[in-house]
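> How does the following fold in three dimensions:
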Amino acid sequence: MGLDALPRPVAVVVGAGGVLGAAHVGVGYALEQRGFVPDMIIGTSVGALNGAIAAAHPDRAAPWLDHVWTQLRRREVYPLGYLSSRASVFTDRGLRRLIGRAELPSRIEELTIPFTAVAMDLGTGAPALLDRGDLESALLASAAIPGMLPPVERAGRTLVDGGVIAYVPVLAALRAGAASVVVVSTGPESVAPRPIGRRLRAGAVAARAGTLLLRHQIERDLREVSRHVPTVVLPTGIETWPAPWDFGHSQRLISTAAGSAGRFLDGLRIDGPGLYRLDGPPPTAGSAGGAPFSSAVEAGL
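Numbering: from 1, shown residues only. Predicted structure coming up:
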């Protein structure tokens with residue numbers, strides 16, 4: 001009926017989002033509480049870090065990530081770089097420390113669940129699908145926000161944040177042979193844009209354009225993949241997102257996403273390829289007893 005009806009192999013796809021990745025943890029709780037274990041995990045940027053931890057500890061990742069996210073502060077993740085550095089504003093020391101504390105194996109192949117980190121080749125603009133070799137460099141590359149964190153040299157390529165080209169890397173899941181996809185995405189880029197005011201400042205115009213650009217990429221990729229396989233997009237239920245550098249809202253993001261994703265999963269019905277997601281207001285307690293969440297919801301029926 002729900003997750004059990006998804007054709008195997010099932011890929012969990014974890015999108016980008018920086019500090020908003022705390023919502024991944026809430027969705028992870030909902031999946032773990034229902035005994036769901038995917039056959040592969042594919043992540044971009046912060047989704048690669050969260051996804052690698054889930055791939056290493058598939059039965060206990062959410063509580064560990066909960067503790068990490070609720071203790072994080074900006075200076076731990078984005079410490080200022082040295083004045084001599086011209087490649088980025090921040091160093092990757094903070095990310096290296098986080099990765100080091102995550103009890104991860106040294107190589108991607110040693111993870112319990114097959115895992116791919118998605119980065120972008122800065123030379124060609126092509127996606128770099130990192131599914132073997134050194135795990136730390138793969139995670140650093142996938143999260144290397146251009147200009148903010150240093151690029152990573154790996155196998156003769158200069159790699160940066162995969163969110164530039166695959167903010168929600170569902171196409172990589174299809175290429176990896178997934179017969180169905182469960183999408184964990186976050187942020188305002190993943191929801192329908194709200195009406196804009198008549199007067200916007202320059203910063204707001206730029207932010208709006210960037211959000212719409214990412215949303216277009218996400219929607220294009222979701223629709224392409226859902227033509228071939230069942231594609232479930234789990235809701236977070238979050239309507240008010242914090243600033244990208246504000247780690248003080250992690251507990252709210254985790255708890256809200258856990259409840260919303262759980263209610264959605266309890267009402268999920270799978271019936272062949274299609275886009276299964278909740279459009280409109282987040283589900284509230286008691287709503288799972290209504291109409292099943294299916295591709296009919298996506299079509300507005």
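> and the residue nearest to residue 214 when sequence neighbours are not counted, what does it touch?
In this structure, residue 214 finds its nearest non-sequential neighbour in residue 189, 4.0 Å apart by CB to CB, 6 or more residues apart in numbering. The way it works is simple: take the backbone N, C-alpha and C, and place the C-beta from them, glycine included. Shown in contact with residue 189 (CB atoms under 8 Å, 6 or more residues apart in numbering): 167, 211, 214, 215, 218.
> one more time with 6 Å, if that's ok
By CB atoms under 6 Å, 6 or more residues apart in numbering, residue 189 lies in contact with 211, 214, 215.
> Among the residues you listed, which one is most surrounded by other residues?
Within those, most neighbours by other CB atoms under 10 Å means residue 214, with 20 neighbours.
> tell me what the longest helix along the chain is packed against?
Counting residues, the longest helix found in the chain (DSSP state H) is helix 202-226. If contacts are counted by 3 or more CB pairs under 6 Å, 6 or more residues apart in numbering; DSSP states H and E, helix 202-226 sits against helix 170-175.
> one step back: following the chain onward from the longest helix of the chain, which element is next?
Moving toward the C-terminus from helix 202-226, the next helix or strand (DSSP states H and E) is strand 230-234.
> still on that earlier bit, which positions within the longest helix of the chain qualify as buried?
By 16 or more other CB atoms under 10 Å, the buried positions in helix 202-226 come out as 211, 214, 215, 217, 218, 221, 222, 225, 226.
> Which strands border the lengthiest strand in the chain, and is each parallel or antiparallel?
Taking DSSP state E as the criterion, the chain has its longest strand at strand 115-121. Strand 115-121 sits in its sheet next to strand 40-44 (parallel), strand 127-130 (antiparallel), strand 157-161 (antiparallel), going by DSSP bridges.
> Can you pull out the low-pLDDT segments for the stretch 1-150 of the chain?
By pLDDT under 70, the low-scoring segments of the stretch 1-150 of the chain are 1, 72-86.
> Mind doing that once more with 90?
Applying pLDDT under 90 to the stretch 1-150 of the chain flags the ranges 1-2, 17-22, 59-60, 64-95, 97-98, 100-103, 147-149.
> can you give me the helices for it?
Counting by DSSP state H, counting those that start in this stretch, one finds helices in the stretch 1-150 of the chain at the ranges 22-33, 46-56, 61-71, 74-77, 93-100, 135-142.
> The strands paired with strand 115-121: which one's closest to residue 18?
strand 157-161 (9.7 Å; CB to CB).
> what comes into contact with that closest one?
45, 119-123, 128, 141, 144-146, 151-152.
> next one: stretch 226-236
6, 23, 27, 179-184, 225, 257, 260-261, 264, 270, 273-278.
> If we use 7 Å, what do you get?
For stretch 226-236, contacts defined as CB atoms under 7 Å, 6 or more residues apart in numbering pick out 6-7, 23, 26-27, 170, 174, 178-186, 222, 225, 256-257, 260-261, 264, 268, 270, 272-278, 282.
> From the residues you listed, which land in helices?
Using DSSP H, 23, 26, 27, 170, 174, 222, 225, 256, 257, 260, 261, 264 are the members of the contacts of stretch 226-236 that sit in helices.
> Pick out the most distant pair among these.
Within the ones in helices among the contacts of stretch 226-236, two members stand farthest from each other by CB to CB: 174 and 256, at 29.5 Å.
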